[in-house]
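Student: Sharing a sequence plus its predicted fold:
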Amino acid sequence: MIEITPQEFKKLTEYMYVNYGINLSRKKNLIEGRLSSILVEKGFTNFTDYLKYIFADKTKTEITILISKLTTNHTFFLREIEHFEFFRNKVLPHLKATVRQKDIRIWSAGCSTGEEPYTMAMIMADYFGSERSAWDTKILATDISVRALAAAEEGVFSAELLNGIPKYWRNMYFRKINEGYYQITKELKQEIIFRIFNLMDDLFPFKRKFHVIFCRNVMIYFDHVTKMRLIQKFYEFTEPGGYLFIGHSESISRHETQYQYIMPAVYRKE
């Protein structure tokens, strides 16, 4: 395993924090463990030369590979199922009754390989049923990882990953492509708009606010100041009466946000 020097460690962690909000100041062993194989594969013997290489890459391909290696894109369908039950039983009825233009705006921020937005799309397809064509229910799904987004757009999942979802979902929203693998149907895939997006960008480019924002298990990489700054930006882009969902391993101090606490990891803008 290639060791990272204190100077190299400082340079890398500062870059990741300033540009992506990711705090790796206590992750020296993780960095060495996850990146050493890349250095060897690309012919580098030290982190200094590797960092020069990724910083010089104008396409940003190498830095996105690095980010993918250092952050865990682990997710699965119906993860933290209480959120999806609340979304189906409370949020959607509220939005159906109050959104006059029938355009429900939902953002999956940090969508990883797509299980979260696809789950929401299936729930909404079930909920609206025959009325579905009258509603604009497209979901914006963003992530910083090019690899994760590519996998999400392909929408191919193993049969094992589908074991935890209702059987009729698998029959209705997936098609079997070979032994052991299924792909999201074209119709459902069209409900998701996948985009590369860095949550640390100073300005969010959205013209309209969202009724629901899911940003779960993303802020575990952020320090408190970065997290609260992001929460404030989410608040500014949430419609009045809209909801924010975060991960159960994350928390927001009720004294530091304008969001109203609803239930564990669910907040609402009054």
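Tutor: All right, it came through fine.
Student: Going by C-alpha atoms from here, please, whenever you check contacts or count neighbours.
Tutor: Fine.
Student: got the contact list for Ser158?
Tutor: Gly180, Tyr181, Tyr182 (Cα atoms under 8 Å, 6 or more residues apart in numbering).
Student: Which of those residues fall in strands?
Tutor: Tyr181, Tyr182 (DSSP state E).
Student: Next SSE downstream of the helix or strand of the chain with the lowest mean pLDDT?
Tutor: Least confident element among the helices and strands of the chain, by mean pLDDT, DSSP states H and E: helix 61-70 (a mean of 82). Next along the chain after helix 61-70, taking DSSP states H and E as the criterion, comes helix 81-86.
Student: Which positions in that next one come out as buried?
Tutor: Residues of helix 81-86 classed as buried by neighbour count (16 or more other Cα atoms under 10 Å): His83, Phe84.
Student: What residues of the next helix or strand after it count as buried?
Tutor: As assigned by DSSP H and E, the chain's next helix or strand after helix 81-86 is helix 92-98. Neighbour counts over helix 92-98 (16+ other Cα under 10 Å) mark Leu92, Leu95 as buried.
Student: circling back: buried among the contacts of Ser158? Make that a PyMOL selection.
Tutor: In PyMOL syntax, the buried subset of the contacts of Ser158 is picked out as below (16+ other Cα under 10 Å):
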select buried, resi 181+182
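Student: Quick one, which of the contacts of Ser158 has the minimum pLDDT?
Tutor: Comparing pLDDT over the contacts of Ser158, the lowest score belongs to Gly180 (89).
Student: got the contact list for the residue lying closest to it once chain neighbours are set aside?
Tutor: Sequence neighbours aside, Ala159 is the residue nearest to Gly180 in space, at 5.1 Å (criterion: Cα to Cα, 6 or more residues apart in numbering). Ala159 is in contact with Gly180, Tyr181, Tyr182, counting by Cα under 8 Å, 6+ apart.
Student: Make TSV from the residues you listed and add distance to Gln101 to it.
Tutor: Compiled in TSV, those are given as follows (distance: Cα to Cα, whole Å):
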residue	distance to Gln101
Gly180	41
Tyr181	38
Tyr182	35
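Student: which residues sit against the least confident helix or strand of the chain?
Tutor: The contact list for helix 61-70 (Cα under 8 Å, 6+ apart) reads Leu30, Ile31, Arg34, Leu35, Ile54, Phe55, Asp57, Ile144, Ser145, Val146, Arg147, Ala148.
Student: ditto for stretch 196-212
Tutor: So stretch 196-212 is in contact with 19-21, 95, 104-107, 142-146, 149, 230, 236-245, going by Cα under 8 Å, 6+ apart.
Student: Buried by neighbour count: which residues of that stretch qualify?
Tutor: Quick answer for stretch 196-212 (16+ other Cα under 10 Å): Phe197, Asn198, Leu199, Met200, Lys209, Phe210, His211, Val212.
Student: okay, which residue is most central for the protein?
Tutor: Taking Cα atoms, centre = their mean as the criterion, Gly110 is the residue nearest the geometric centre of the chain, at 1.5 Å.
Student: do you know how far it is from Leu230?
Tutor: 13 Å (Cα to Cα, to the nearest Å).
Student: Same check on Thr137?
Tutor: For Thr137, the distance to Leu230 (Cα to Cα) stands at 25 Å.
Student: Tell me the pLDDT of Met124.
Tutor: The score at Met124 is 97. That number is its pLDDT.
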